[in-house]
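*Asks:* how does the following fold in three dimensions:
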Amino acid sequence: MTPEALLANWVDVWRAVGIAAPDEALCAELQRRYGEPQRHYHTMQHLGECLAWFEREKALAERPGEVALALWFHDAIYDVHAHDNEARSADWARDAMRNAGANDEAAARVHALVMATRHDAVPEGRDAELLIDIDLSILGAGQARFDEYERQVHAEYAFVPDEVRLPRRRAILQRFLDREAIYATPRMHALLEARARANLQRSIAAA
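*Replies:* Okay, the predicted model is just below:
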């Protein structure tokens, strides 16, 4: 997405949650964060892909503005040495909403949506299902993009020795493959499930 398209999306998202004059400096700060040098996959490319998927699927959302805000913030904090990135990103999203004048209930829902991207539990509720399907859409990407994604993830953790990193990566991919269904929303399941499983099997076999 172009800078102009990103800003337009940002404004529309905040208006959807009842904020008429969103903080453009915060939009710029988030884009700066997604451009940090330690990132290879969790970048503006990933955010743009997520927002593009959301534009196609947002009719499924109960509260589309909140889902979109959760997408903007879901990887806002990304420290490859930390284990609380989602929690810190969720806190930032909640505080930003409160500071902008959103009500506490909406801020809490967005916080919960960002926390759902830890992928340690099956998402509950239509908005969480859509958000997680979008975040995992990369698993069902075409082969070239999926292979690029795998290279990007390995680059983010290149400091971890191969004998540790590769088995951990296989285990993560296997957990997705072991799910009864990777995608919960009907259309994304129909579009991506089979390809995601093929990508995961191929990556696990090659690792």
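*Asks:* report the distance from the one helix or strand Asp147 maps to to the chain centre.
*Replies:* Here Asp147 sits within helix 143-156, counting by DSSP states H and E. Mean-position distance between helix 143-156 and its chain equals 15 Å (Cα atoms, centre = their mean, to the nearest Å).
*Asks:* who touches it?
*Replies:* Helix 143-156 has contacts (Cβ atoms under 8 Å, 6 or more residues apart in numbering) with 38-43, 80, 138-139, 141, 165, 169, 199, 203. Every C-beta, even on glycine, is put in place using the N, C-alpha and C of the backbone.
*Asks:* return the set of buried residues in stretch 133-145.
*Replies:* Asp133, Ile134, Asp135, Leu136, Ser137, Ile138, Leu139, Gly140, Ala141 (16 or more other Cβ atoms under 10 Å).
*Asks:* again but with stretch 192-200, I slipped
*Replies:* Using 16+ other Cβ under 10 Å as the test for burial, stretch 192-200 gives Leu192, Ala196, Arg197, Asn199, Leu200.
*Asks:* repeat for stretch 109-125
*Replies:* Across stretch 109-125, burial judged by 16+ other Cβ under 10 Å covers Arg109, Val110, His111, Ala112, Leu113, Val114, Met115, Ala116, Thr117, Pro123.
*Asks:* now render those residues as JSON lines, adding distance to Ala5.
*Replies:* Converted to JSON lines, those look like this (distance: Cβ to Cβ, whole Å):
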{"residue": "Arg109", "distance to Ala5": "26"}
{"residue": "Val110", "distance to Ala5": "22"}
{"residue": "His111", "distance to Ala5": "26"}
{"residue": "Ala112", "distance to Ala5": "28"}
{"residue": "Leu113", "distance to Ala5": "23"}
{"residue": "Val114", "distance to Ala5": "23"}
{"residue": "Met115", "distance to Ala5": "28"}
{"residue": "Ala116", "distance to Ala5": "26"}
{"residue": "Thr117", "distance to Ala5": "23"}
{"residue": "Pro123", "distance to Ala5": "28"}
